[in-house]
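# Please find the sequence and the predicted model below.
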Amino acid sequence: MTKTWGIIPAAGQGTRIQPLAFSKELLPVGSRIDENGTERPRAVSEHLVERMVLGGADRILFVISPLKSDILRYYGARYGTADIAYAVQERAAGLCDAIFRAVPFVRDDECVLIGLPDTVWFPADALRRLPDDRLAFLLFPVENPALFDAVDTDEEGRVREIQVKRPDAATHWIWGAFKMPGHVFRALHALWEARERQDEYIGTLVNAWIARGNSAWGIRAGTSYVDTGTLNGYRDASRLLDVPQQAGETA
């Protein structure tokens, strides 16, 4: 069975939803029932961790800043069936810089799942739809794709372009998570280094990857997606988790 890392970039400052007295990844969104049958608040990042475990991750790597020791205290060394490790990003320098902190941990024959810890999406098991053998993005339909990274694909699902927060986005489908084999992860890192680390967003790096003759795929398996990084997004996530048909998908 292929070993799978779940990589969670959690070093950002969360300026859109400050002030908070704790890391934004620990913002209570929804609830869970503990082993004693008591309902307790759930940290927003738990929704992603849970989905990564459902998607096959047996190890989770949080990339945190030196100031985010509360994440380490909250999660410790294990969540469910997954072991947890930590890497440090000394300063917030973009998504690419964050996720490539995982390069020393990942082997070529392993898989990598990557998602954003301040998001809530359904279906909870959608990561199972992503293949193990290629770079693939889990796509979700949204009303305002200009706020996200829209993913333009052809009829077969091959990515033509990732449109990073463009007001003229050609599609309402955005990426919410992605997966790839370890050797592709390392190849993307090598390209990022060759481009002198100029790519802050994964979208511009993947566009360069495609321009060099490589491929990426978009899988339209998502149904709903909310970014909790703003107050309105926080309210939307709370409403989404209250929808009755989602009840069977949340623990």
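Here it is on my side, so go on.
# So which residues of the stretch 1-150 of the chain form helices?
44-54, 69-75, 95-99 (DSSP state H, counting those that start in this stretch).
# Alpha carbons of the first one, as PDB, please.
It stands for helix 44-54. Provided in PDB are the C-alpha atoms of helix 44-54 (Å, rounded to 0.1, in the frame of the first residue of the first chain):
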ATOM      1  CA  VAL A  44     -11.300  24.400  11.400                       C
ATOM      2  CA  SER A  45      -8.100  22.600  10.400                       C
ATOM      3  CA  GLU A  46      -9.600  19.400  11.800                       C
ATOM      4  CA  HIS A  47     -11.900  19.300   8.800                       C
ATOM      5  CA  LEU A  48      -9.000  19.100   6.400                       C
ATOM      6  CA  VAL A  49      -7.000  16.600   8.600                       C
ATOM      7  CA  GLU A  50     -10.100  14.300   8.700                       C
ATOM      8  CA  ARG A  51     -10.500  14.600   4.900                       C
ATOM      9  CA  MET A  52      -6.900  13.800   4.300                       C
ATOM     10  CA  VAL A  53      -7.100  10.700   6.500                       C
ATOM     11  CA  LEU A  54     -10.200   9.600   4.600                       C
END
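# List of residues touching that helix?
Outside of helix 44-54, the residues within contact range by CB atoms under 8 Å, 6 or more residues apart in numbering are 6, 8, 10, 24-30, 32, 60, 71, 75, 79-82, 113, 115-121, 124-128, 177, 228, 237, 250-251. The C-beta positions use only the backbone N, C-alpha and C, and glycine is treated the same way.
# Give me the subset of those lying in strands.
Counting by DSSP state E, the contacts of helix 44-54 place 6, 8, 10, 28-30, 32, 60, 79, 82, 113, 115, 119-121, 177 in strands.
# Switch the helices of the stretch 1-150 of the chain over to TSV; also include distance to residue 108, mean pLDDT and mean neighbour count.
Putting these into TSV (distance: least, CB to CB, whole Å; pLDDT from 0 to 100; neighbours: other CB atoms under 10 Å) gives the following:
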stretch	distance to residue 108	mean pLDDT	mean neighbour count
helix 44-54	20	97	23
helix 69-75	27	95	16
helix 95-99	17	97	22
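# right, and these - which one's nearest residue 169?
helix 95-99 (18.4 Å; CB to CB).
# list the helices and strands the closest one packs on?
strand 4-10, helix 202-211 (3 or more CB pairs under 8 Å, 6 or more residues apart in numbering; DSSP states H and E).
# Give the other helices and strands that the shortest one contacts.
So that's strand 4-10. In terms of contacts (3+ CB pairs under 8 Å, 6+ apart), strand 4-10 is packed against helix 44-54, strand 59-64, helix 95-99, strand 111-115.
# next one: the second one to chain centre, how far?
Here strand 59-64 is found 11 Å from its chain centre; the criterion is CA atoms, centre = their mean, to the nearest Å.
# What mean pLDDT does that strand get?
Per-residue pLDDT over strand 59-64 has a mean of 98.
# Determine the angle, from 0 to 180 degrees, between it and strand 4-10.
20 degrees (axes from the mean of the first three to the mean of the last three CA atoms, to 10 degrees).
# Can you name every helix or strand that strand 59-64 contacts?
Contact analysis of strand 59-64 by 3+ CB pairs under 8 Å, 6+ apart lists strand 4-10, helix 44-54, helix 69-75, strand 82-88 as its packing neighbours.
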